[in-house]
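Chemist: Build the 3D model from these lines:
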Amino acid sequence: MNVQKSAAAVKRCAADPVNDPRLGAARKRLAESRGKEDAIEGLREIVANFLGSEEMGLFRVDQKAGSFQVCWSFGIDLDNYDLPRALGRDGLRRVLGGECHIDFSARDRSSATARAQAFIPIRVANQTIAILAILRLLPQKLAFDKGDMELFKLLSEEAAQPLFGGHSNPQTVRPGMNA
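Modeler: As a prediction, this is how the structure comes out:
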């Protein structure tokens, strides 16, 4: 087998959302989740293995009250992490409106309060019910490609059901309070 040809094919698949095997694997992992804990583990696997980060958090949203509840996190010091501040006013508005927000301005790995790299809205019936924050990327991951954007879209559209049962009425905790 020609290694150069094989590497080129893998690179082409990652940039081609139709042929990206990561999409099928992620979709299958979410769909086959057995309960909330398994769905959360599946989300962690997808972010770590396909998106290149081991620092992430899932925050439940109550748009009416303007509050967030930490549902789960991995590799984040939650005492030093403030989701609204990390997103900023414009970023928060965009994510709550259903757009992914990517920020590469804070690449400082030494800061516990460094801004997240990506925020993905988790949606049900055109409403953002949660936000997945993906923090610093692994050193070998320099940027997100078109395939990653398709993974963001898949998570946004399909993760709510296995994670929350598709419910859109979250129990909330005000920002700054312990979840």
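Chemist: Need the three-state assignment for the residue nearest to the spatial centre of the chain.
Modeler: Centroid check for the chain by Cα atoms, centre = their mean gives L132 as the closest residue, at 3.7 Å. Applying DSSP: H, G, I helix; E, B strand; the rest coil to L132 yields a three-state assignment of strand.
Chemist: which non-adjacent residue is nearest it?
Modeler: Spatially, and ignoring its direct neighbours in sequence, L132 is nearest to I120 (4.3 Å; Cβ to Cβ, 6 or more residues apart in numbering). Just so you know, the C-beta spots here come from the backbone N, C-alpha and C atoms, and that holds for glycine as well.
Chemist: which stretches of the chain have low pLDDT?
Modeler: Applying pLDDT under 70 to the chain picks out residues 1-18, 104-116, 166-179.
Chemist: One more pass at 80, please.
Modeler: Across the chain, residues meeting the criterion (pLDDT under 80) sit at 1-19, 63-66, 104-116, 142, 166-179.
Chemist: quick revisit: relative to A159, how far out is the residue nearest to L132?
Modeler: 8 Å (Cβ to Cβ, to the nearest Å).
Chemist: cool, E37 as well?
Modeler: Going from E37 to A159 by Cβ to Cβ gives 14 Å.
Chemist: Who has more neighbours out of the two?
Modeler: Between E37 and A159, counted using other Cβ atoms under 10 Å, A159 has the larger neighbour count: 25 against 10.
Chemist: Would you list the phi and psi of R85?
Modeler: Dihedral pair for R85: phi -70, psi -40, per degrees, to the nearest 10.
Chemist: Check the burial of it by counting its neighbours.
Modeler: 12.
Chemist: Over to Y81?
Modeler: Residues lying near Y81 (other Cβ under 10 Å) number 21.
Chemist: Ok, the one 5 residues further on next?
Modeler: The number of residues packed near A86 is 19, by other Cβ under 10 Å.
Chemist: In the helix or strand containing it, which residues are buried?
Modeler: Assigned by DSSP states H and E, A86 belongs to helix 83-96. Applying a neighbour-count criterion of 16 or more other Cβ atoms under 10 Å, the buried positions in helix 83-96 are 83, 86-87, 91-92, 94-96.
Chemist: Tell me which other helices or strands it touches.
Modeler: Using 3 or more Cβ pairs under 8 Å, 6 or more residues apart in numbering; DSSP states H and E, the elements in contact with helix 83-96 are strand 56-62, strand 101-102, strand 118-124, strand 127-134.
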